[in-house]
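Engineer: sequence and predicted structure below; questions after.
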Amino acid sequence: MAQTTVVHLLRHGEVDNPNGVLYGRLPGYHLSANGRLMAAAAADFFAERSVAALFASPLERAQETARPLARRLDLRVVTDERLIESGNVLEGRAVSLAGLALNPVNWRYLWNPFLPSWGEPYTHVAARMSAVIERARQAAPGGEAVCVSHQLPIWVSRLAAERRRLWHNPGTRQCALGSVTSLTFSGEELSGVSYAVPPRRQVRDPDAAQ
């Protein structure tokens, strides 16, 4: 009988971003007080599970989300560049994507929402995430692995797993801060996808930041 292995895609916690910057891959963005509570809640969520491997994006917010889990389960955080946030030419700007669209200077970046033209192609994101998910599956045969990543890469991974189109309205993503998207494998074959938000106490309601 084929072994059941689960790879969990954990989105990082809330980031301290008072200016509302589209921070993308920029360094220096750390977890807020809420974000640290979300990281602790994730550690509680996985505490009684048979997690054998822990991977994380190199960005600070992902590393800081992974650390409480690493301490709880006595695991080493393995940094994998393929879990990083999607590239975005508009990062560093303190406005929303809708706000950017009002400035004609930005139109050259916004002409194709299907690729998308403002950042890393969805197909590239899906391919690199698929590769690291396979690495995680192989690292925890018959058990569970956790990969700490970011909203867009996790959501595109889910769309790919469910054989849905990769282009989408960002407002429809089911991938809250601190949430867990789980991919269950029977042997090498994907057999199920599920979603959960670990219960946590919050200082305040998180905003929609990355």
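Structural biologist: Nice, I can see it. Since this is a predicted model, take the numbers as computed values, not measurements. Numbering: from 1, shown residues only.

Engineer: now do the buried residues in stretch 31-38.
Structural biologist: 31-32, 34-38 (16 or more other C-beta atoms under 10 Å). Quick note: C-beta positions are derived from backbone N, CA and C, even for glycine.

Engineer: just those residues now: which is nearest T4?
Structural biologist: Nearest to T4 among these, counting by C-beta to C-beta, is M38 at 27.3 Å.

Engineer: kindly confirm whether my reading is correct that the closest one touches T65.
Structural biologist: Yes - using C-beta atoms under 8 Å, M38 is in contact with T65, at 7.2 Å.

Engineer: so what sits against both of these two?
Structural biologist: By C-beta atoms under 8 Å, 6 or more residues apart in numbering, M38 and T65 have these common neighbours: 13, 31, 178.

Engineer: Three-state assignment for T181, please.
Structural biologist: Secondary structure assignment for T181 (DSSP: H, G, I helix; E, B strand; the rest coil): strand.

Engineer: which helix or strand in the chain has the lowest average pLDDT?
Structural biologist: helix 97-100 (a mean of 64; mean pLDDT, DSSP states H and E).

Engineer: restricted to strands, list the shared contacts of M38 and T65.
Structural biologist: In strands, judged by DSSP state E, none of the shared contacts of M38 and T65 are found.

Engineer: quick one: low-confidence ranges for the chain?
Structural biologist: Across the chain, the ranges flagged by pLDDT under 70 are 94-112, 114, 117-118, 201-210.

Engineer: now do the strands in it.
Structural biologist: According to DSSP E, the strands that the chain contains are 4-11, 51-56, 77-79, 144-149, 180-186, 189-196.

Engineer: among these, which is the most enclosed?
Structural biologist: Stretch with highest mean neighbour count among those: strand 144-149 (a mean of 28; mean count of other C-beta atoms under 10 Å).

Engineer: for that strand, which strands pair with it and how are they oriented?
Structural biologist: strand 4-11 (parallel), strand 51-56 (parallel) (DSSP bridges).

Engineer: next, count neighbours for the closest residue to L54 other than its chain neighbours.
Structural biologist: Nearest residue to L54 in three dimensions, chain neighbours excluded: L75, at 4.5 Å (C-beta to C-beta, 6 or more residues apart in numbering). Residues within reach of L75, counting by other C-beta atoms under 10 Å, total 18.

Engineer: and L75, what does it touch?
Structural biologist: 51-54, 69.
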